[in-house]
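Asks: sequence and computational prediction follow.
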Amino acid sequence: MRYATILALLILILSTLTAGCIDELVPIGDNSTNSDISVYEFDVFVNQSANSDIVANTTTFYLSKDESTRVVHMLINATVIDIIPIDDMSSNQDSLDNIVIIADSVNTNTTSASVEVFNSYSLASEVSDVGYTISKEVIRGQKHTYLKFNETITGFVAYTLPAQKGQDFIYIQSSPSTVRFVLPVGYTTGNQLIGIARPQPDETYVDNEGRETLIWYGNEDMPKSFNVKYYPPSAPKTLLIVGIILAFGAAIVLADYYVTRKNLKKMRDDIEQSSKMGASRNKDRNKDRRKK
């Protein structure tokens, strides 16, 4: 039994080491502190199934394998963004970092929110002179961060969120809009064993940079919460190998248990048999003594 225990311990250590690549399921690193407009992608996203000249409110999450999440909003006639961060309520870490606004006031912008207008915003090299304030509030135990603009704007707003703990990314939406998740290059989702995107995306495609992109088109009936687990394509195979190793180790320990139990039972039966034979001999001796 001792050897089986040692073997099981060695298998567990080997499994832990083998599962090292699964640590990439959702890698966590330090937040980016470089306030640089160039770190963001201002992609003018349009629902191709609808009118290609019409843009809509869109929130895009650029997930990363070793950094915080970068978020880019396409906003039309917006005055505030209600952000519901999924982080530790006791954390003193700022919810938003590197806020970048490229937009115009609706009051001064005479051009409608078209693809051409947003294309011009996407080529900007400097942030717009738009004032804003940040406030926080806890509603029914859930933290809310409000990014309020001093005027109604149309354009791009980007910021960086702290990396979430755990093996997935969760987003809670406060108002209906098109939602996109752009996974890191070399990552995927959809394996039932490890985790999938919930709810199921309306569309999935691979962009020009080889990144898997998930889309939920905005409407009044769309869900308020989104949960995406992402991992390297090799993760399911690695997890299967680890599972086989653990199952093999468990089988060895179980087999050793039954063998040991059988041996102990045999020893007990032998001892009981010996005791009975000894008692029988003593009984026979006592009878012989009485006869004498």
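Replies: Noted; the coordinates are in hand.
Asks: could you report the neighbour count for Gln142?
Replies: Gln142 has 12 neighbours, counted by other CB atoms under 10 Å. Heads up, the C-betas are built off the backbone N, CA and C, glycines and all.
Asks: skipping adjacent residues, who's closest to it in space?
Replies: Ile84 (6.2 Å; CB to CB, 6 or more residues apart in numbering).
Asks: may I ask you to name the longest strand in the chain?
Replies: Longest strand of the chain, by residue count under DSSP state E: strand 142-161.
Asks: that strand: which residues count as buried?
Replies: 143-145, 147, 149, 152-161 (16 or more other CB atoms under 10 Å).
Asks: which SS state does Asn263 fall under?
Replies: helix (DSSP: H, G, I helix; E, B strand; the rest coil).
Asks: sorry, back to before: ok, the residue nearest to Gln142 - contacts?
Replies: Gln142, Lys143, His144, Thr145, Ile172, Ser174 (CB atoms under 8 Å, 6 or more residues apart in numbering).
Asks: so which of the residues you listed comes closest to Ser225?
Replies: Checking the contacts of Ile84 against Ser225 with CB to CB, the nearest one is Ile172 at 5.0 Å.
Asks: leaving out the residues flanking it, which one is nearest to the closest one?
Replies: Closest to Ile172 by CB to CB, 6+ apart is Ile84, at 4.2 Å.
Asks: mind pulling up the pLDDT for the one you found?
Replies: Looking at Ile84, its pLDDT is 88.
Asks: re the thing from before, now for the buried residues of strand 142-161: which two are most distant?
Replies: Lys143 and Thr154 (27.7 Å).
Asks: enumerate every residue touching Ser125.
Replies: Ile37.
Asks: pretty sure Ser274 sits in a helix.
Replies: Yes. Under three-state DSSP, Ser274 sits within a helix.
Asks: could you measure from it over to Arg261?
Replies: For Ser274, the distance to Arg261 (CB to CB, to the nearest Å) stands at 20 Å.
Asks: and if you look at Asp43?
Replies: 65 Å.
Asks: one more: Pro233?
Replies: 44 Å.
Asks: so what's the nearest residue to Leu96 once chain neighbours are set aside up against?
Replies: Closest residue to Leu96 apart from its sequence neighbours, by CB to CB, 6+ apart: Tyr159 at 4.6 Å. Counting by CB under 8 Å, 6+ apart, Tyr159 touches Arg70, Val71, Leu96, Asp97, Asn98, Ile99, Val100, Leu147.
Asks: give me the subset of those lying in strands.
Replies: Reading strands off the contacts of Tyr159 with DSSP E, I get Arg70, Val71, Asp97, Asn98, Ile99, Val100, Leu147.
Asks: look up how far Val72 lies from the fourth one.
Replies: When you say that, I think you mean Asn98. 12 Å.
Asks: shared neighbours of these two, anything?
Replies: Ala158.
Asks: these two: who's more crowded?
Replies: Set Asn98 next to Val72 and count neighbours by other CB under 10 Å: Val72 wins out with 23 against 18.
Asks: surely Ala163 is in contact with Glu67?
Replies: Yes. Using CB atoms under 8 Å, Ala163 is in contact with Glu67, at 7.1 Å.
Asks: hang on, Ile252 in a strand?
Replies: No. Secondary structure of Ile252 (three-state DSSP): helix, not part of a strand.
Asks: since we're on it, how many residues are nearby?
Replies: 15.
Asks: can you get me a residue count around the closest residue to Lys224 other than its chain neighbours?
Replies: With sequence-adjacent residues excluded and distances taken as CB to CB, 6+ apart, Lys224 is closest to Gln173, at 5.1 Å. Other residues within reach of Gln173, judged by other CB under 10 Å, total 17.
Asks: quick one, what contacts Gln173?
Replies: Thr59, Val179, Met222, Pro223, Lys224, Ser225, Phe226.
Asks: with Asp43 instead?
Replies: Asp43 touches Thr60, Val72, Ser122, counting by CB under 8 Å, 6+ apart.
Asks: which SS state does it fall under?
Replies: Under three-state DSSP, the three-state class of Asp43 is coil.
Asks: what does Tyr121 give?
Replies: helix.
Asks: tell me how many other residues crowd it.
Replies: Around Tyr121 there are 17 residues (other CB under 10 Å).
Asks: go on, Ser38?
Replies: The number of residues near Ser38, taken as other CB under 10 Å, comes to 8.
Asks: name the helices or strands packed onto the helix or strand encompassing Val179?
Replies: Following DSSP states H and E, one finds Val179 within strand 178-182. Under the contact definition 3 or more CB pairs under 8 Å, 6 or more residues apart in numbering; DSSP states H and E, strand 178-182 sits against strand 58-62, strand 212-216, strand 225-228.
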